[in-house]
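Asker: no sequence on this one, just coordinates:
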């Protein structure tokens, strides 16, 4: 799965589950300040990302995630982890 495919899937999740306009979702968009996600939303997003990555994701792995691009990179690393 490419980073572009991951970005598109994450964008779909953000639009569908959190009602964020697609035009607001960029790699540089700040999850909490610009997209207005809260800690409960973050947990919900991690659950969806586990389905995407087909791996268990520890919330501590996402402590440093601040922007959509960070999420894409983290999921990409998990998907391609041996």
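Answerer: On my side now, so go ahead. In this text, all values refer to a predicted model and were calculated from it rather than measured experimentally.

Asker: CA only for contacts and neighbour counts going forward, please
Answerer: Noted.

Asker: and the residue most central in space within the chain, what does it touch?
Answerer: Nearest residue to the geometric centre of the chain (Cα atoms, centre = their mean): residue 71, 4.3 Å. For residue 71, the contacting residues are 62, 65, by Cα atoms under 8 Å, 6 or more residues apart in numbering.

Asker: which residues touch stretch 24-35?
Answerer: Outside stretch 24-35, the residues that reach it (Cα under 8 Å, 6+ apart) are 7, 11, 20, 37-38, 66-70.

Asker: what's the first-to-last distance across it?
Answerer: 7 Å (Cα to Cα, to the nearest Å).

Asker: Next, the buried residues of that stretch.
Answerer: 25, 29-31, 35 (16 or more other Cα atoms under 10 Å).

Asker: Quick one: the helices in this structure, in order.
Answerer: 3-18, 39-53, 68-79 (DSSP state H).

Asker: Off-centre distance for the last one?
Answerer: When you say that, I think you mean helix 68-79. 7 Å (Cα atoms, centre = their mean, to the nearest Å).

Asker: Start the count at 43 instead of 1 going forward.
Answerer: All right, first residue 43 from here; so that's helix 110-121.

Asker: Now do that helix against helix 81-95, angle only.
Answerer: 40 degrees (axes from the mean of the first three to the mean of the last three Cα atoms, to 10 degrees).

Asker: From residue 86, how far out is residue 96?
Answerer: 15 Å.

Asker: do the same with residue 112
Answerer: Residue 112 is 17 Å from residue 86, by Cα to Cα.

Asker: quick one: which of these two has more around it?
Answerer: Between residue 112 and residue 86, counted using other Cα atoms under 10 Å, residue 112 has the larger neighbour count: 18 against 13.
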